[in-house]
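> no sequence for this one, just the structure:
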């Protein structure tokens with residue numbers, strides 16, 4: 001297990017078309033190129049032997065461990081890993097020059113700068129790529145002591161170093177050892193390109209210093225558009241940068257996470273590929289991005305979404321499907337990479353995602369809500385495409401589906417799916433009415449009202465006094481935390497407050513929230529999972545909107561303690577507080593932002609009375625004292 005660093009022991013760097021993970025030990029153990037969803041160049045996170053990696057770190061001269069600290073250069077995506085030992089203090093800075101061009105490129109550059117600020121330290125470097133998820137061999141071409149090309153299938157990896165490092169062949173890989181003293185620095189530049197392309201220019205400290213300044217200026221300039229000035233500025237800024245890093249600049253489509261195959265339970269089978277664009281996740285980000293001031297990013301995704309609606313060509317045959325590749329390709333064939341060990345033995349490692357073929361009717365609500373923001377949905381052509389989708393939904397909303405959590409245990413009449421079809425009709429009616437758009441509004445209105453009645457009559461369990469997961473169960477579901485936000489009911493509605501109280505009792509564990517109970521509602525998969533970070537932040541937002549300010553803030557502050565050392569979150573939190581699932585996850589950082597904004601807004605309301613009714617504050621309430629004669633450690 002020592003071969004696999006904890007998921008949380010990573011920072012992320014990226015260039016807006018792809019991203020790499022760098023461990024706190026100085027190892028790049030995840031990088032796909034030329035896109036997020038391309039085959040991997042480094043994937044030792046999924047197999048320490050076969051996956052490939054690039055290591056650059058200071059070493060203790062006696063072979064003992066170093067004290068290591070990792071941080072971001074403030075408000076940027078420049079990652080710094082610091083090494084402190086008896087011999088001195090050194091660091092490695094990792095960054096990727098942003099490629100914000102509207103067209104894709106095959107060239108992507110990861111720059112690694114090693115330097116010593118005190119004393120003298122030895123460093124070790126090793127570049128061991130394993131192309132195509134470790135399935136394809138490569139060859140080494142060593143041009144000179146400072147330049148090498150590792151040729152993979154259709155892809156070249158150029159490795160170039162400044163003076164002070166001599167590259168040595170190690171089989172078909174390259175390695176180096178060198179020592180730096182205070183004030184000295186060296187550079188290693190990794191560049192991916194199509195096979196046979198010209199080599200990049202040789203690196204120099206002067207050129208890289210300029211690249212650092214340009215990268216820093218890019219992020220600082222981009223962040224100036226952020227209008228958030230609330231209590232959690234640093235965490236919101238970091239989350240915004242993370243969302244930007246996970247957005248594919250040529251299309252404006254964000255991916256759900258940078259990785260694939262990281263487990264929701266170590267050793268379990270819940271290991272999915274998240275390097276794609278989910279209609280749901282991305283659509284829910286639009287309002288938050290606009291509220292933060294990032295209108296260009298919000299409109300870029302809405303343009304991509306309009307194109308999907310207008311195209312209408314999906315693998316499933318329905319007007320939309322739940323996810324696409326970043327360029328809009330709907331084909332995401334799933335395969336098991338059986339040659340990979342998986343993170344700490346978590347198999348299977350899945351490439352692609354078969355859930356793309358599932359029916360999840362909620363996506364029409366999220367898409368309609370995103371397109372309705374501002375009323376501009378692409379003029380006549382965009383409106384006619386959306387109207388066509390709503391006409392289709394009028395005939396197809398009343399049927400079971402797989403639901404928001406992509407369960408593989410059979411279709412059900414999920415309450416959340418019905419909720420979002422209500423949203424789809426509601427937003428379509430609003431736009432048609434406000435902008436005099438031609439549409440069969442009377443038919444949409446009848447469908448919207450029918451959905452409403454069905455949710456109220458069949459989605460609410462009077463015995464539990466709560467809205468439930470689907471019509472044939474009394475199991476609760478945290479996705480329904482979104483009910484007040486989408487406007488289905490008020491956050492002060494008695495039926496909503498009783499639902500929130502029920503969730504408090506069943507789904508919440510010390511501010512951490514489970515999606516649902518798989519034991520009570522089988523989802524077709526073995527094993528368990530951790531608490532879901534998205535739901536934990538939605539819970540904070542729901543508490544705040546309900547008026548339980550102290551409880552909301554306490555839950556939010558505790559959630560922030562689960563962030564990793566550089567402010568990043570994976571998908572879930574395990575029973576020992578460890579991060580689980582793909583990393584970093586965009587939906588988590590989006591919900592952190594919306595929770596922070598909701599808390600700021602509610603705390604700023606003049607005359608707000610915090611924690612009105614409901615659950616008492618959890619700090620002491622409900623705890624018991626052990627008997628005096630309890631044995632120590634029992």
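Perfect, I can see it now. Just so it is clear, the structure is predicted and the values come from calculations on it, not from any experiment.
> other SSEs contacting the strand or helix carrying residue 541?
Secondary structure from DSSP states H and E places residue 541 in helix 533-546. Applying 3 or more Cβ pairs under 8 Å, 6 or more residues apart in numbering; DSSP states H and E, we find helix 533-546 packed against helix 494-506, strand 512-513, helix 549-560, strand 572-573, helix 586-603. Using the backbone N, CA and C atoms, a C-beta is placed for each residue, glycine as well.
> which stretch among the ones you listed comes nearest residue 385?
Closest to residue 385 of the helices and strands packed on helix 533-546, according to Cβ to Cβ: helix 586-603, at 25.7 Å.
> before we move on, back to that, closest one to residue 380 among the helices and strands packed on helix 533-546?
For residue 380, the closest of the helices and strands packed on helix 533-546 is helix 586-603, at 31.2 Å, according to Cβ to Cβ.
> and the closest one, what other elements does it pack with?
Helix 586-603 sits against helix 233-245, helix 279-292, helix 533-546, helix 549-560, with contacts defined as 3+ Cβ pairs under 8 Å, 6+ apart.
> hang on, the earlier thing: relative to the whole chain's centre, how far out is the helix holding residue 541?
Distance, stretch centre to chain centre, for helix 533-546: 18 Å (Cα atoms, centre = their mean, to the nearest Å).
> quick one, it and helix 586-603 angle?
Per axes from the mean of the first three to the mean of the last three Cα atoms, to 10 degrees, the angle that helix 533-546 makes with helix 586-603 is 10 degrees.
> Which parts of this protein are helices?
For the chain, the helices defined by DSSP state H occupy 131-134, 205-223, 233-245, 279-292, 295-311, 363-372, 379-396, 415-434, 441-458, 494-506, 533-546, 549-560, 586-603.
> For the first one, name the packing helices and strands.
Helix 131-134 sits against strand 40-42, with contacts defined as 3+ Cβ pairs under 8 Å, 6+ apart.
> So what touches the strand it packs on?
Identification of contacts with strand 40-42 by Cβ atoms under 8 Å, 6 or more residues apart in numbering yields 20, 28-33, 51-54, 129-134, 152, 155, 157, 192.
> Can you give the strand pairings for that strand, parallel or anti for each?
strand 27-32 (antiparallel) (DSSP bridges).
> Just checking the distance from the strand it pairs with to the centre of its chain.
17 Å.
> Could you give the average pLDDT over it?
In this model, strand 27-32 carries a mean pLDDT of 98.
> Could you do stretch 447-461 as well?
Mean pLDDT, stretch 447-461: 98.
> Kindly report the same for stretch 481-497.
So the average pLDDT for stretch 481-497 ends up being 97.
> swap in stretch 176-185?
pLDDT averaged over stretch 176-185 gives 97.
> Return the set of buried residues in that stretch.
Within stretch 176-185, the residues that qualify as buried are 176, 178, 180, 184-185, counting by 16 or more other Cβ atoms under 10 Å.
> circling back: now the helices and strands packed on helix 533-546 in a markdown table, with distance to residue 303 and mean neighbour count?
As requested, the helices and strands packed on helix 533-546 are exported to a markdown table (distance: least, Cβ to Cβ, whole Å; neighbours: other Cβ atoms under 10 Å):
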| stretch | distance to residue 303 | mean neighbour count |
| --- | --- | --- |
| helix 494-506 | 35 | 18 |
| strand 512-513 | 33 | 24 |
| helix 549-560 | 33 | 20 |
| strand 572-573 | 32 | 26 |
| helix 586-603 | 18 | 23 |
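> follow-up on the earlier one: how about the helices of the chain, which one is nearest residue 261?
helix 131-134 (9.5 Å).
> which residues are in contact with the closest one?
39-41, 43, 46-47, 50-52, 137-138, 152-153, 155, 337, 339-340, 351.
> one more time with 6 Å, if that's ok
Contacts to helix 131-134, defined as Cβ atoms under 6 Å, 6 or more residues apart in numbering, come from residues 39-40, 43, 50-51, 138, 152-153, 337.
> just these now: which is nearest residue 433?
Of all the contacts of helix 131-134, residue 433 sits closest to residue 39, with 48.4 Å by Cβ to Cβ.
> Can you pull the phi/psi pair for that closest one?
With angles defined as degrees, to the nearest 10, residue 39 sits at phi -60, psi 150.
> Quick check: it vs residue 585, distance?
Distance, residue 39 to residue 585, by Cβ to Cβ, to the nearest Å: 21 Å.
> Give me the more crowded residue out of these two.
Using other Cβ atoms under 10 Å, the more surrounded residue of residue 39 and residue 585 is residue 585, with 29 against 19.
> Burial check on the residue nearest to residue 406 when sequence neighbours are not counted, number of neighbours?
In this structure, residue 406 finds its nearest non-sequential neighbour in residue 355, 4.3 Å apart by Cβ to Cβ, 6 or more residues apart in numbering. For residue 355, the count of nearby residues is 21 (other Cβ under 10 Å).
> cool, the one 10 residues further on as well?
Burial of residue 365, expressed as a neighbour count using other Cβ under 10 Å, amounts to 28.
> Apart from its chain neighbours, what residue comes closest to it?
Closest residue in space to residue 365, ignoring its immediate chain neighbours: residue 420 at 2.8 Å, by Cβ to Cβ, 6+ apart.
> ditto for residue 590
Among residues not flanking residue 590 along the chain, residue 285 sits closest, at 5.0 Å (Cβ to Cβ, 6+ apart).
> Now do the contacts for residue 80.
Going by Cβ under 6 Å, 6+ apart, residue 80 touches 71, 91, 93.
> ok, the last one touching residue 113?
Yes. Contact status for residue 93 versus residue 113: in contact at 4.4 Å, counting by Cβ atoms under 6 Å.
> Name the residue in those two with the higher neighbour count.
residue 113 (24 against 20).
> Bridged to the more buried one, which residues?
Going by DSSP bridges, residue 113 forms beta bridges with residue 93, residue 187.
> Next one: it from residue 478, what distance?
Distance, residue 113 to residue 478, by Cβ to Cβ: 43 Å.
> What ranges does the stretch 1-150 of the chain have for its strands?
10-14, 19-23, 27-32, 40-42, 53-58, 67-72, 79-85, 88-95, 108-128, 139-144, 147-151 (DSSP state E, counting those that start in this stretch).
> tell me the most buried of those?
Most buried of the strands of the stretch 1-150 of the chain by mean neighbour count (mean count of other Cβ atoms under 10 Å) is strand 40-42; its value is a mean of 29.
> Mind checking the pLDDT average for that strand?
Rounded mean pLDDT across strand 40-42 is 98.
> Tell me how far that strand lies from the chain's centre.
Remark: strand 40-42 is offset 19 Å from the chain centroid, using Cα atoms, centre = their mean.
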